[in-house]
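1. requesting a structural model of the entry that follows:
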Amino acid sequence: MPQWKLYHIWMTELTELLPCERVTRLRNFTWLLATNLDDPQAVLRCYRRRMWIEEMFGDLKGHGVDIESTQLWHFLRLSRLTLAVVLLYCWLVTFGSQTIKSGRRRLVDRNERRDYSIFRIGWNTAERRLINNLSLHVSFDFCL
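-> Prediction:
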């Protein structure tokens, strides 16, 4: 039987790498996390991943692609659609990240607070560029 441990974690430790900046107003709160991991740093790493995953599910569901509305049941068709959606998701996250790094976030997100995920920023930027007949170029610079 695994031993469970409780970790008292300040939000400031989690907000550094969270994908959505809406949680910055929670910086003074603490969370109590129950886990079977021994290392507190491993707990933080896992929890940061969880927050990215939650944001991704929101993007793939109602906040973005809405993959559930297709009502596909055939395995091969659903697999092909999933592959296309995941490739689009990766492209739009990269596009959103480049939008933020280049300082153009203000063109597609609110100035007084940040409402959108990186995916949604990429989506809004792509939509804006298509409406204005501008090119959509994304560079995938990976270190191998």
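
2. alpha carbons only for contacts and neighbour counts from here, please
-> Fine.

3. for this structure, which segments count as helices?
-> Secondary structure of the chain by DSSP state H: the helices cover 11-14, 40-60, 75-101, 118-131.

4. quick one: the third one to helix 40-60, angle?
-> I take that to be helix 75-101. If you take axes from the mean of the first three to the mean of the last three C-alpha atoms, to 10 degrees, helix 75-101 sits at 110 degrees to helix 40-60.

5. which parts of helix 75-101 are buried?
-> Buried positions in helix 75-101, judged by neighbour count with 16 or more other C-alpha atoms under 10 Å: 89, 91-99.

6. circling back to that earlier point, tell me which of the helices of the chain sits nearest to Glu68.
-> Nearest of the helices of the chain to Glu68, taken as C-alpha to C-alpha: helix 40-60 at 8.6 Å.

7. returning to what we had before: ok, of the helices of the chain, where does mean pLDDT dip lowest?
-> In terms of average pLDDT, helix 11-14 trails the rest of the helices of the chain, at a mean of 51.

8. His137 is nearest to which of the helices of the chain?
-> When those are compared by C-alpha to C-alpha, helix 75-101 sits nearest His137, at 8.2 Å.

9. so how far is the closest one off the chain centroid?
-> Using C-alpha atoms, centre = their mean, to the nearest Å, the mean C-alpha position of helix 75-101 is found 12 Å from that of the whole chain.
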